[in-house]
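>>> here are the coordinates; sequence isn't available:
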Ligand SMILES: CSC[C@H]1O[C@H](OP(=O)(O)O)[C@H](O)[C@@H]1O
Ligand code: HPA
């Protein structure tokens, strides 16, 4: 089951539960030392390159952000040979450059989550890990993604700070105002501990933010609805297949 030639693992978030371009798909549900991932790993090919896909919340979206077994998800991907992980994260936009339907490749992160298992060194007897996390997203993988966007003509905002909140409720306007003051450009609920665990595991990990809505108080909408979120993800997602193909070709 170990594929040394796995070119890329993609973790899909809200509104992205499969990759239609994946052919010759095999499914695996490996049990890891942390239990099972959120759902099956779909392993197939895009333009001849082996690619794995995992829906972070499960393919029926049954797992809320604070209940995701992030460790099992990442370890399962590593078990089938993943070294590069592209995380798709649906987000709210806080600052001007990050309006609905924008695709973004953030370069910074602030963690506001709490009570989640956020390290591999949770269990007694495991090594205490203090990994460097100054640049939370792998600079080399970000560079590949940005170059791929340029080559394929997919508009992608370079940089930005992702703020990870606990959820599953959306934020108050005051919370978003504080996040703006802190320097956050995007807000989502799954960016951590996923990125930190990926670093502990030695995975090359980067985020593709899919902006689904203006965060609370940042736009004109009276409220944020799931219908709006899913419609904007669908629109923005048209850029994902050409971007993936270009990353793989790079
Ligand atoms: C209003 S939708 C909130 C939901 O969408 C994001 O999911 P993901 O990061 O997995 O794409 C956000 O984190 C929440 O889980
Ligand atoms: O506004 C938001 N806040 C948190 N997570 C989100 N995921 C999509 N939109 C949002």
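That came in fine, so what should we check first? Here the structure is a predicted model, which is why all the values come from computation and not from measurement. Ligands and ions are numbered 1, 2, ... in the order given.
>>> Quick check: beta-bridge partners of residue 85?
Beta-bridge pairing of residue 85 under DSSP bridges involves residue 9, residue 205.
>>> Can you name the residues that contact it?
Going by Cβ atoms under 8 Å, 6 or more residues apart in numbering, residue 85 touches 8-11, 74, 77, 198, 203-206. The C-beta positions use only the backbone N, C-alpha and C, and glycine is treated the same way.
>>> One more: residue 11?
53-56, 73, 77, 85-88, 194 are the contacts of residue 11 under Cβ under 8 Å, 6+ apart.
>>> any chance of those residues in CSV, plus secondary structure and distance to ligand 2?
Below are the contacts of residue 11 laid out as CSV (DSSP: H, G, I helix; E, B strand; the rest coil; distance: Cβ to the nearest ligand atom, whole Å):
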residue, secondary structure, distance to ligand 2
53, strand, 20
54, strand, 18
55, strand, 15
56, coil, 12
73, helix, 18
77, helix, 22
85, strand, 19
86, strand, 18
87, strand, 13
88, strand, 12
194, helix, 14
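>>> got the buried residues for stretch 35-44?
37-44 (16 or more other Cβ atoms under 10 Å).
>>> Farthest pair within those?
The span of the buried residues of stretch 35-44, defined through Cβ to Cβ, is set by 38 and 44 at 18.2 Å.
>>> which among the contacts of residue 85 gets closest to ligand 1?
Checking these against ligand 1 by Cβ to the nearest ligand atom gives residue 11 as the nearest, at 8.1 Å.
>>> Name the nearest residue to that closest one, sequence neighbours excluded.
Nearest residue to residue 11, sequence neighbours excluded (Cβ to Cβ, 6 or more residues apart in numbering): residue 87, at 4.7 Å.
>>> Distance to residue 32 and pLDDT added to the contacts of residue 85, as JSON lines?
Converted to JSON lines, the contacts of residue 85 look like this (distance: Cβ to Cβ, whole Å; pLDDT from 0 to 100):
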{"residue": "8", "distance to residue 32": "20", "pLDDT": "98"}
{"residue": "9", "distance to residue 32": "14", "pLDDT": "98"}
{"residue": "10", "distance to residue 32": "18", "pLDDT": "98"}
{"residue": "11", "distance to residue 32": "15", "pLDDT": "98"}
{"residue": "74", "distance to residue 32": "9", "pLDDT": "98"}
{"residue": "77", "distance to residue 32": "10", "pLDDT": "98"}
{"residue": "198", "distance to residue 32": "14", "pLDDT": "98"}
{"residue": "203", "distance to residue 32": "14", "pLDDT": "98"}
{"residue": "204", "distance to residue 32": "19", "pLDDT": "98"}
{"residue": "205", "distance to residue 32": "17", "pLDDT": "99"}
{"residue": "206", "distance to residue 32": "22", "pLDDT": "99"}
